[in-house]
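# here is my input, please return the structure:
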Amino acid sequence: MRCALFGKPERPAVCGRFKAMADVCGESKSDALWLINELEMATN
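Below you'll find the predicted structure:
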């Protein structure tokens, strides 16, 4: 919700096509934030 690229032409097209799904994002905002944090730590 804080992405500075929203509405800008340099935003990658893949971002606009992304559809949140429970198996990727969980069932809630807190699930999604936990999952993205885990992915970021795993790929850091």
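# going forward, measure contacts and count neighbours with C-alpha atoms only.
Fine.
# what packs against the lowest-mean-pLDDT helix or strand in the chain?
Using mean pLDDT, DSSP states H and E, helix 22-25 stands out as the lowest-scoring helix or strand of the chain, at a mean of 85. For helix 22-25, the elements it packs on are helix 29-42, judged by 3 or more Cα pairs under 8 Å, 6 or more residues apart in numbering; DSSP states H and E.
# buried residues, the helix it packs on. List them.
Using 16 or more other Cα atoms under 10 Å as the test for burial, helix 29-42 gives Ala32.
# repeat that for stretch 9-26.
The neighbour-count check on stretch 9-26 (16+ other Cα under 10 Å) flags Cys25 as buried.
# using CSV, write out the CA atom coordinates for it.
What follows is stretch 9-26 as a C-alpha-only set of coordinates in CSV (Å, rounded to 0.1, in the frame of the first residue of the first chain):
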residue,chain,number,x,y,z
PRO,A,9,4.3,4.9,-16.3
GLU,A,10,7.5,3.3,-15.1
ARG,A,11,5.5,0.8,-13.0
PRO,A,12,6.2,-2.7,-14.4
ALA,A,13,3.2,-4.1,-16.3
VAL,A,14,3.4,-7.4,-14.3
CYS,A,15,2.4,-5.4,-11.2
GLY,A,16,-0.8,-4.3,-12.8
ARG,A,17,-1.7,-7.8,-13.9
PHE,A,18,-1.0,-9.4,-10.5
LYS,A,19,-4.0,-11.0,-8.9
ALA,A,20,-3.7,-11.8,-5.2
MET,A,21,-4.5,-15.4,-4.5
ALA,A,22,-4.8,-17.1,-1.1
ASP,A,23,-2.0,-19.6,-1.8
VAL,A,24,0.4,-16.7,-2.5
CYS,A,25,-0.9,-13.9,-0.2
GLY,A,26,-2.7,-15.8,2.5
